[in-house]
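Chemist: Show me how the following folds:
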Amino acid sequence: MDMRVGRLRRAGREGLTRAMRQARHSTWRLLDTLAEAQWQVPYRVTLNPPLWEVGHVAWFQERWCLRRQEGSNRLAPPLLPDADRWFDSARVAHPSRWHLDLPPRPAVRAYAEAVLEASLDRLAALPDTDAALYWHRLALFHEQFHLEAFAYTCQALGYAQPGPEWAPPSALRLAADRRLAGGPLLLGSLPDHGFVFDNEKWAHPVRVEPFEVSLQPVTNAEFLQFVEDGGYRNAAWWHPDAPARQAPEPRGAPAHWRRVGERWQMRWFDRWIPLEPYAPVVQIDAFEAEAWCAWAGRRLPTEPEWEYAALHCPDFEWGDSVWEWTASAFEPYPGFAADPYRDYSEPWFGSHRVVRGGSFGTPAGLADAKLRNFYRPERGDVFVGFRSCAKP
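Modeler: Numbering: from 1, shown residues only. Sure, this is the predicted structure:
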């Protein structure tokens, strides 16, 4: 499958309608697996309470698809009174989301469904142009990202796997490095790319020097060699801020791995399963990725190298196994200007690290060679792994 341009970025009204309905179906399908007590999640800085999060998804869709008034900075009132007070992530501080007087789940679900139907009615009347469909595409991608966040919340808390689509990544074929000639690259998106996130604006010329990159992400077997060589206990490989080195007794393996006798297992949602040697290592923070690279005499690819390989190397496998850490800080491209949804990128520049590609849980139509995802480097709870490059 050619994922250099995600097909949903250019989806017309009919395709967008199907995708929005499918995203909402997938959201409810996942959330309906939660037991009553599992809606009350403990406070963590990396998570959100599920009821707040699904209300936020609906609020976001309504905010951008329905409530905007052309030529005015004023918003039409929400369908659910107090929705702004409850679900606007820019106004509602993260810790306070555990203490809001939220309406009961049936009311939030009814609100979400009413917003979806009204949004689709609005969509049906729009012209089939990129400019007209921008807000519905934005709301779709926002929900798809949150769907993955719902899944890694279940994984982080040891809830049951919420469906077959969240099975662990499959084994990869064995693949060697590929030396790429490098050359000029237009890093970022052009206006004719369909939907464009603001952090991809705009394409600008960079030069990529020749480099040698792995055709696939690092596997469990490769990472296990580092573990069994005592890599987690050797400070020489590690950045001093690495979470794995912060505890009084540094751990000896990824947080979700354990050794039982002579065999290794990984926790996948609520089960311990055998470690699949040739599957990509997943739920690894950027410090762990860099420590492995230091031990192996390798390095992470830069963001331009990753994009160059995705565009120019047909054997470069990406987009359906794990998100991939790069060596690049998440920074604006030259001439950056925030889109109307200012909180998508601007607040996170400088503090986050660029990840590229997509995971097994990322909708195929969203995966795109230009897509810049981003996490704080200490995030090891998401479906992210890494690939490596040979050092010069």
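Chemist: so what's residue 12 up against?
Modeler: Contact analysis of residue 12 by Cβ atoms under 8 Å, 6 or more residues apart in numbering lists 128, 133. No exception for glycine: its C-beta is placed from N, CA and C like everyone else's.
Chemist: how close does it sit to residue 137?
Modeler: 10 Å (Cβ to Cβ, to the nearest Å).
Chemist: Could you list the domains of this structure?
Modeler: 7-162, 167-392 (automatic domain parsing).
Chemist: As TSV, the ones you listed with mean pLDDT would be great.
Modeler: Converted to TSV, those look like this (pLDDT from 0 to 100):
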stretch	mean pLDDT
domain 7-162	96
domain 167-392	96
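Chemist: quick one, longest helix in the protein?
Modeler: Scanning the chain for the helix with the most residues, using DSSP state H, yields helix 130-156.
Chemist: for the helix or strand just after that one, which positions count as buried?
Modeler: Using DSSP states H and E, the next helix or strand after helix 130-156 towards the C-terminus is strand 177-180. Under the neighbour-count criterion of 16 or more other Cβ atoms under 10 Å, strand 177-180 has residue 180 buried.
Chemist: Ok, stretch 124-141 next?
Modeler: 126, 130, 133, 134, 135, 136, 137, 138, 139, 140, 141.
Chemist: Give me the secondary structure label for the first one.
Modeler: Under DSSP: H, G, I helix; E, B strand; the rest coil, the three-state class of residue 126 is coil.
Chemist: which ones are touching it?
Modeler: 13, 132, 133, 136.
Chemist: And for the first one, the neighbour number?
Modeler: This means residue 13. For residue 13, the neighbour count with other Cβ atoms under 10 Å is 17.
Chemist: just checking, it touches residue 137?
Modeler: No. Using Cβ atoms under 8 Å, residue 13 makes no contact with residue 137, being 10.9 Å away.
Chemist: Let me see the ranges of the helices in the chain.
Modeler: 13-31, 50-65, 83-87, 105-124, 130-156, 220-228, 286-296, 303-312.
Chemist: Need those in JSON lines (columns: distance to residue 43).
Modeler: What follows is the helices of the chain, written out as JSON lines (distance: least, Cβ to Cβ, whole Å):
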{"stretch": "helix 13-31", "distance to residue 43": "19"}
{"stretch": "helix 50-65", "distance to residue 43": "12"}
{"stretch": "helix 83-87", "distance to residue 43": "17"}
{"stretch": "helix 105-124", "distance to residue 43": "20"}
{"stretch": "helix 130-156", "distance to residue 43": "12"}
{"stretch": "helix 220-228", "distance to residue 43": "30"}
{"stretch": "helix 286-296", "distance to residue 43": "24"}
{"stretch": "helix 303-312", "distance to residue 43": "33"}
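Chemist: Just tell me which of those helices ends up closest to residue 333.
Modeler: helix 303-312 (10.2 Å; Cβ to Cβ).
Chemist: Give me the residues contacting that closest one.
Modeler: Outside helix 303-312, the residues that touch it by Cβ under 8 Å, 6+ apart are 4, 178, 180, 182-183, 185, 187, 206, 208, 211, 213, 301, 316, 318, 324, 326-328, 354, 356-357, 369-370, 372, 389.
Chemist: Drop anything exposed from those residues.
Modeler: By neighbour count, with 16+ other Cβ under 10 Å, these hold 180, 182, 185, 187, 206, 208, 211, 213, 301, 316, 318, 324, 326-328, 354, 356-357, 369-370, 372, 389 as buried.
Chemist: and residue 40, how many neighbours?
Modeler: Other residues near residue 40 come to 11 when the count uses other Cβ under 10 Å.
Chemist: give the contact list for it.
Modeler: Listed by Cβ under 8 Å, 6+ apart, the contact partners of residue 40 are residue 49.
Chemist: measure it to residue 47 for me?
Modeler: 12 Å.
Chemist: now swap in residue 136 and tell me
Modeler: On the measure of Cβ to Cβ, residue 136 and residue 47 end up 28 Å apart.
Chemist: try residue 309
Modeler: From residue 309 to residue 47 the distance is 33 Å (Cβ to Cβ).
Chemist: repeat for residue 182
Modeler: Taking Cβ to Cβ, one finds residue 182 at 40 Å from residue 47.
Chemist: Over to residue 92?
Modeler: Going from residue 92 to residue 47 by Cβ to Cβ gives 15 Å.
Chemist: what does residue 267 give?
Modeler: Taken as Cβ to Cβ, the span from residue 267 to residue 47 is 17 Å.
Chemist: And the two? Which one has more around it.
Modeler: residue 47 (20 against 16).
Chemist: wait, isn't that one in contact with residue 156?
Modeler: Yes. Taking Cβ under 8 Å as the definition, residue 47 is a contact partner of residue 156 at 6.6 Å.
Chemist: quick one: which of the helices of the chain is nearest residue 198?
Modeler: helix 130-156 (10.2 Å).
Chemist: Look at residue 1 and report its pLDDT.
Modeler: On pLDDT, residue 1 comes in at 41.
Chemist: Show me which positions of stretch 61-76 end up buried.
Modeler: Going by neighbour count (16+ other Cβ under 10 Å), the buried part of stretch 61-76 is 61, 62, 63, 64, 65, 66, 67.
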